[in-house]
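In: sequence first, then the predicted structure, then my questions.
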Amino acid sequence: MATAETETPKPNPDPATGEVDLFDADFARCPHAVYARLRAELPVARQSFIGNPVISRYEDVMWALRHPEIFSSEMDLEMALGTERPMIPQQIDPPRQTRFRKLLDPLFSRKRMQDLEPDIRRHARDLIEGFAGRGSCEFHREFAVPLPCTAFLRLLGLPAEELDLFLELKDGIIRPPAPPDRAAELRTQTGRRIYAYFDQALDERLDRPREDLLTWLTTTELDGRRLTREEMLDICFLLLLAGLDTVTATLGCSIAFLASNPAHRRRLVEDPARIDAAVEELLRYETPVTAVPRVLKRDVEVAGVQLEKGQLVTLLLGAANTDEQRFARADQVDFDRERNKHIAFGAGPHRCLGSHLARMELRVALEEWHRRIPEYRIAPGEVPLYTPGIREVRHLPLVFGPEA
Amino acid sequence: MKIRLDREACVGHGRCYELAPDVFEEDERGHCRLRFETVPPELEEQARLGEANCPEDAITLEGEG
């Protein structure tokens, strides 16, 4: 982003207007200074362009996450991303949300996810062998995307060969490749394609059941009755969006950090038992899912600011995760941190359903990576490209081996 | 050392049973279930690890050794 020599770049957040730009490229790459200024000076800021409140202190974010009766997930449909109905269980509130979580939680439990570990580990090894000898790779395309996305498709029972189709459908909603005035239209069209795809896939399972999540949806019971087709589709839509982006983003942010921080990297090579703690600390520090939205069901005061019923509020998880009030030396990445109560997976009733799957994948990925490629760095002359929203490193060229 | 779990607050992050499997176990939903009401001395460190890493502050410890 070029700046004329006589122009001073606009501060983010801008103290004159109280506005913060959460889609700025610099913010995506390095959000921590912005988070610090928000927490200290603008605990309730205004999001640029949209103008809605942005909450950044740990205490306030956590309170909001724990009070869905005030901070509701039942967004206006125009806020929804090309959907025709709320996604389940993300866009509904307790008590209905609770019933769906009770149904889905066992399917995504840590125990169940452990069953997937051997296949994921094998796939990680195969992917790494594919480029280890070359001495370089583009991490996003060659590892961060295929590893978690293939695993997810396998879990649902969708064909892994159609990965590109699912990525296109997912991106059509989350990052529609269209100019701003055409984005909504593209989202709606993509949404229709997603519903149609899953509708057909569910029909196929009624015809010929298999051992997969989609078949399970057709046979499971909620309060003594089968799920309606609409409920099944509303779950599938969410799983598609949530499953294909988030672990990719976390892998990219984590490896980009480790590529630039040799002492941290070497620690993991020397002491692989530290990887569990490193996964958690990198989740805390990077918080790839930077923010989650809520809509207010009544007027409420936060950090001394009056907010109004009906306002769309942004809860900045990344800022909460680096709040000194909750985390000692919050701006330090410390793999020996003893107390790590981070909320990178959210908190309260909407705690990420996929968190056990994500944690397992991240652990396996870092184990297999460092076993095979202990030394690596950003390719000289290259700059990793971070995208805003969900912080993802879209372009991460690495070279392997010790520095010359 | 006595240990208490606020079952209303637990949403199944699972850090407790991951880090301290001799003190905390996983129920069918992936929520926490305590193995003890009173923690044997050799497991106090595990109990502390569990308490220290619950994002919901659902675990409380009393009368540490």
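Out: Structure's in. What do you need?
In: what helices or strands is the strand or helix carrying residue A:386 leaning on?
Out: Secondary structure assignment for residue A:386, by DSSP states H and E: strand A:385-387. Other elements packing on strand A:385-387 under the criterion 3 or more Cβ pairs under 8 Å, 6 or more residues apart in numbering or on different chains; DSSP states H and E are helix A:25-29, strand A:392-395. Every C-beta, even on glycine, is put in place using the N, C-alpha and C of the backbone.
In: show me what that strand pairs with in its sheet, parallel or antiparallel.
Out: strand A:392-395 (antiparallel) (DSSP bridges).
In: my understanding was that residue A:241 contacts residue A:83; is that so?
Out: No - look at residue A:241 against residue A:83 with Cβ atoms under 8 Å: they stay out of range, at 9.3 Å.
In: mind listing what's buried along whichever strand or helix holds residue A:205?
Out: According to DSSP H and E, residue A:205 maps onto helix A:180-207. Buried residues in helix A:180-207, defined by neighbour count with 16 or more other Cβ atoms under 10 Å in any protein chain shown: A:186, A:187, A:188, A:190, A:191, A:194, A:195, A:197, A:198, A:201, A:202, A:205.
In: dump the residues you listed into JSON lines; add distance to residue A:118 and pLDDT as well.
Out: Output for these, formatted as JSON lines (distance: Cβ to Cβ, whole Å; pLDDT from 0 to 100):
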{"residue": "A:186", "distance to residue A:118": "39", "pLDDT": "93"}
{"residue": "A:187", "distance to residue A:118": "37", "pLDDT": "93"}
{"residue": "A:188", "distance to residue A:118": "40", "pLDDT": "92"}
{"residue": "A:190", "distance to residue A:118": "34", "pLDDT": "95"}
{"residue": "A:191", "distance to residue A:118": "35", "pLDDT": "95"}
{"residue": "A:194", "distance to residue A:118": "30", "pLDDT": "96"}
{"residue": "A:195", "distance to residue A:118": "34", "pLDDT": "97"}
{"residue": "A:197", "distance to residue A:118": "29", "pLDDT": "96"}
{"residue": "A:198", "distance to residue A:118": "28", "pLDDT": "97"}
{"residue": "A:201", "distance to residue A:118": "26", "pLDDT": "96"}
{"residue": "A:202", "distance to residue A:118": "28", "pLDDT": "97"}
{"residue": "A:205", "distance to residue A:118": "25", "pLDDT": "97"}
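In: what's the farthest-apart pair in those residues?
Out: Within these, A:186 and A:205 form the most distant pair, 28.9 Å apart (Cβ to Cβ).
In: where does the prediction get shaky in the chain?
Out: Chain wasn't specified; assuming chain A. Along chain A, segments meeting pLDDT under 70 span A:1-7, A:77-80, A:403-404.
In: wrong one, I was asking about chain B
Out: B:64-65.
In: which residues of it fall in helices?
Out: B:15-19, B:44-52 (DSSP state H).
In: looking at these, which is closest to chain A?
Out: helix B:44-52 (4.3 Å; Cβ to the nearest Cβ).
In: distance from the chain centre to that closest one, please.
Out: Relative to the chain's own centre, helix B:44-52 is displaced by 7 Å; criterion: Cα atoms, centre = their mean, to the nearest Å.
In: check stretch A:301-314 too.
Out: Centroid displacement of stretch A:301-314 relative to its chain, using Cα atoms, centre = their mean, is 24 Å.
In: and the end-to-end length of that stretch?
Out: This stretch, stretch A:301-314, spans 15 Å end to end (Cα to Cα, to the nearest Å).
In: contacts only, for the closest residue to chain B within chain A.
Out: Residue of chain A nearest chain B, by Cβ to the nearest Cβ: residue A:109 (3.9 Å). Listed by Cβ atoms under 8 Å, 6 or more residues apart in numbering or on different chains, the contact partners of residue A:109 are A:356, B:12, B:26, B:28, B:29, B:30.
In: ok so, going back, buried residues in the strand holding residue A:386, which are they?
Out: So for strand A:385-387, counting by 16+ other Cβ under 10 Å, buried means A:385, A:386, A:387.
In: report the buried residues of stretch A:144-161.
Out: A:144-158.
In: to clarify, my last question referred to stretch B:36-51.
Out: Neighbour-count burial for stretch B:36-51 [16+ other Cβ under 10 Å]: B:39, B:43, B:44, B:46, B:47, B:48, B:49, B:50, B:51.
In: do the same with stretch B:19-28
Out: Across stretch B:19-28, burial judged by 16+ other Cβ under 10 Å covers B:19, B:20, B:23, B:24, B:26, B:27.
In: rewinding a little: would you turn the buried residues of helix A:180-207 into JSON lines with distance to chain B?
Out: Formatted as JSON lines, the buried residues of helix A:180-207 follow (distance: Cβ to the nearest Cβ, whole Å):
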{"residue": "A:186", "distance to chain B": "35"}
{"residue": "A:187", "distance to chain B": "30"}
{"residue": "A:188", "distance to chain B": "33"}
{"residue": "A:190", "distance to chain B": "31"}
{"residue": "A:191", "distance to chain B": "29"}
{"residue": "A:194", "distance to chain B": "27"}
{"residue": "A:195", "distance to chain B": "29"}
{"residue": "A:197", "distance to chain B": "29"}
{"residue": "A:198", "distance to chain B": "25"}
{"residue": "A:201", "distance to chain B": "26"}
{"residue": "A:202", "distance to chain B": "25"}
{"residue": "A:205", "distance to chain B": "24"}
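In: looking at those residues, which one is closest to residue A:55?
Out: Looking at those and their distance to residue A:55, the nearest is residue A:187, at 26.1 Å (Cβ to Cβ).
In: that closest one against residue A:176, yeah?
Out: Yes - here residue A:187 reaches residue A:176: they are 5.5 Å apart, a contact under Cβ under 8 Å.
In: in contact with residue A:380, which residues?
Out: Contact partners of residue A:380, counting by Cβ under 8 Å, 6+ apart, are residue A:399.
In: can you confirm it is in a strand?
Out: No - Residue A:380 is assigned coil when assessed by DSSP: H, G, I helix; E, B strand; the rest coil, not a strand.
In: quick one: contacts for the closest residue to chain A within chain B?
Out: Residue of chain B nearest chain A, by Cβ to the nearest Cβ: residue B:30 (3.9 Å). When contacts are counted by Cβ under 8 Å, 6+ apart, residue B:30 touches A:105, A:106, A:108, A:109, A:110, A:111, A:356, B:12, B:14.
In: ok, so of the residues you listed, who is nearest residue A:308?
Out: Nearest to residue A:308, judged by Cβ to Cβ, of those is residue B:12 at 33.0 Å.
In: residues contacting the closest one?
Out: Applying Cβ under 8 Å, 6+ apart, the residues contacting residue B:12 are A:105, A:109, A:351, B:29, B:30, B:31, B:32.
In: can you put those residues in CSV and add distance to residue A:323?
Out: Output for those, formatted as CSV (distance: Cβ to Cβ, whole Å):
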residue, distance to residue A:323
A:105, 28
A:109, 30
A:351, 19
B:29, 29
B:30, 27
B:31, 26
B:32, 25
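In: on that earlier part again, closest to residue A:138 among the buried residues of stretch B:36-51?
Out: When the buried residues of stretch B:36-51 are compared for distance to residue A:138 (Cβ to Cβ), residue B:49 wins out at 38.1 Å.
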